[in-house]
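>>> kindly return the folded structure for what I paste below:
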Amino acid sequence: MTDTAADAEEVPEVEPEPEGGQTVQLDDFCELRFEALSTSSFWVKLIEGKAEVFGTELVRQRRYHFPAGSKAAVFTFSGCELKVWGETESRYTSKDTHAVTVYVNCHAALQQLRRQAQEARRRGPRVLVCGPKDAGKTSLCRQLVSWATREKSKPIYVDVDVGQSQISVPGTMGAVPVRKPFDIEEGLETEQAPVLFQFGHTNPQANINLYFYMMNRLAEYVNKRCEYDQDANYAGLVINTCGWIKLEGYDAIKQCASAFEVDLIFVIESERLYNDLKRDLPSFVKIVTLPKSRGVADRGQEIRQELRDRKVTEYFKGPLLSLSPHRISMPTSAFQFYRLGVQALPSSLLPLGHEKSEREEHWRRAVRVLPDRSLLHALLGVSQATSSDQLADYPVYGFCVVVDVLNDSVVALAPASGTPPSNLMLVSTATWMMS
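Below is the predicted model:
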């Protein structure tokens, strides 16, 4: 792979370096794995050699901050010297990095397919990553995207994991062209705004039909993008999925593969899922089983919720928590609030002849929400639709969060000042309280 960051000019320290710290030596193909305490941060600096975090190279002499509760690993191909500060829940060096070697080989194969696609002026590889919860799907996607951009490829990153989205706030699915590696501290940095659909729940089971429908709509936007963006078309897609792999979760994986017309699937640590997909998908879809990285840690429900809250906090306050959101007022006479999906009525309660159509559409129907105190702390998606019957069909501009409800207005926090670009608001079941 092309080396960029490690060969860059050394970056001076912006703030004084704290006293103390420990030196860590890593041999070839080793990594430092750590989990920061939930109450304090952790810092890492590359002194000599080359190293990376999830595919993004560390710059020498720059101190990287990992917030409280972070779990990460610093990997090196050729050995390096690090300096670290801070207390950790766990910290150790490991030579058991076989999975990283396998992942690098997958990246090399994808790059070859991208070069062939560009030479032949055809579509590049579209890879879907799937597996059970806590298998390392998001980490692998991040590595594949970062390695690709380091070699000047420009893939589109798609994330349909509505519970732990890496592109935006919880309850959304989205896609965005990526031009440079993930930033170690700030995460995904893009030159263009992502296409985001507000599903409104952190679990696809809450409305599986709506989940399928929005996934298809997102795929339509991605395919249109590839029609005029040849760099993205040649580089292809990297698609992250949920960790739900049984029953309707398995159907969701198949639906995702079909909607985005994938030709390659990486299955992490699930022999059953691998064999089921081999049986059910067309023969032109190549399915590869991959090992789980030993450094991937299991996450309980409490940790998952903390990660969701952190993602929303970063949306409103920036990745480094250095920004302040703006208070905006939405008059209830001008703004409308909706949720998508209602429970289907029994056929016996429907008018004769309307049973099928009514039951088919209940899952995407827009239901008006009264602007009362029940909206407090709810995330609102600012819809690009022009009427309420289009809310499931269009993405959102962005998000705000309700902080107060008055007699004639709803007060919210937003990343930017001014009146929202639409008066149609999609109410999510995801909530956030500013601390």
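>>> so what's residue 162 up against?
Residue 162 makes contact with 170-173, 199, 201-204, 211, 242, according to Cβ atoms under 8 Å, 6 or more residues apart in numbering. In this view, the C-beta of every residue, glycine as well, is placed from N, C-alpha and C.
>>> could you flag which of the residues you listed are buried?
Among those, the ones that count as buried by 16 or more other Cβ atoms under 10 Å are 170-173, 199, 201-202, 204, 211, 242.
>>> nearest to residue 148, of the residues you listed?
Distance ranking of those against residue 148, using Cβ to Cβ, places residue 173 first at 21.0 Å.
>>> doesn't the closest one fall inside a strand?
Yes. The assignment for residue 173 is a strand, going by DSSP: H, G, I helix; E, B strand; the rest coil.
>>> not counting sequence-adjacent ones, nearest residue to it?
Using Cβ to Cβ, 6 or more residues apart in numbering and skipping the chain neighbours, the partner closest in space to residue 173 is residue 160 (4.5 Å).
>>> give me the number of residues near that neighbour?
Neighbour count for residue 160, taken as other Cβ atoms under 10 Å: 29.
>>> next, it: phi, psi?
Per-residue torsions, residue 160: phi -110, psi 20 (degrees, to the nearest 10).
>>> correct me, but it touches residue 257?
No. Using Cβ atoms under 8 Å as the test, residue 160 is too far from residue 257 to be in contact (11.1 Å).
>>> and the helices in this structure?
98-120, 137-150, 208-228, 230-235, 248-259, 271-280, 301-317, 355-361 (DSSP state H).
>>> quick check: angle from the second one to helix 98-120?
Going back to what we said before, that points to helix 137-150. Counting by axes from the mean of the first three to the mean of the last three Cα atoms, to 10 degrees, helix 137-150 lies at 50 degrees to helix 98-120.
>>> poorly predicted segments of the stretch 301-435 of the chain, please.
343-360 (pLDDT under 70).
>>> how about residue 64, what does it touch?
43-45, 53, 58, 184-185.
>>> what is the burial count for residue 231?
16.
>>> an error on my part: the question was meant for residue 418.
So residue 418, with other Cβ under 10 Å, has 8 neighbours.
>>> from residue 38, how far out is the nearest residue to it once chain neighbours are set aside?
Counting by Cβ to Cβ, 6+ apart, residue 328 is the residue found nearest to residue 418 once chain neighbours are left out, at 7.3 Å. Computed with Cβ to Cβ, to the nearest Å, the distance linking residue 328 and residue 38 is 33 Å.
>>> equivalent analysis for residue 160, please.
Counting by Cβ to Cβ, the gap from residue 160 to residue 38 is 29 Å.
>>> again with residue 22
Residue 22 is 21 Å from residue 38, by Cβ to Cβ.
>>> who are the contact partners of residue 183?
56, 189, 319.
>>> ok, the nearest residue to the first one once chain neighbours are set aside - contacts?
Think residue 56. In this structure, residue 56 finds its nearest non-sequential neighbour in residue 181, 4.2 Å apart by Cβ to Cβ, 6+ apart. By Cβ under 8 Å, 6+ apart, the residues touching residue 181 are 5, 55-57, 145-147, 149-150.
>>> run the last query once more with 7 Å
Contact partners of residue 181, counting by Cβ atoms under 7 Å, 6 or more residues apart in numbering, are 55-56, 146, 149-150.
>>> closest one to residue 75 out of the residues you listed, please.
For these, the nearest to residue 75 is residue 55 (9.0 Å; Cβ to Cβ).
>>> if we ignore the residues flanking it in sequence, what's nearest the closest one?
Ranked by Cβ to Cβ, 6+ apart and with sequence neighbours excluded, the top spatial neighbour of residue 55 is residue 146, at 3.2 Å.
>>> count the neighbours of the one you found for me.
If you count neighbours by other Cβ under 10 Å, residue 146 ends up with 24.
>>> pretty sure it sits against residue 57.
No. Taking Cβ atoms under 7 Å as the definition, residue 146 is not a contact partner of residue 57, at 8.7 Å.
>>> just the buried members of the contacts of residue 64?
Buried members of the contacts of residue 64, scored by 16+ other Cβ under 10 Å, are 43-45, 53, 58, 184.
>>> next, format the residues you listed as JSON lines and append distance to residue 99.
Converted to JSON lines, the buried ones among the contacts of residue 64 look like this (distance: Cβ to Cβ, whole Å):
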{"residue": "43", "distance to residue 99": "26"}
{"residue": "44", "distance to residue 99": "21"}
{"residue": "45", "distance to residue 99": "26"}
{"residue": "53", "distance to residue 99": "15"}
{"residue": "58", "distance to residue 99": "20"}
{"residue": "184", "distance to residue 99": "20"}
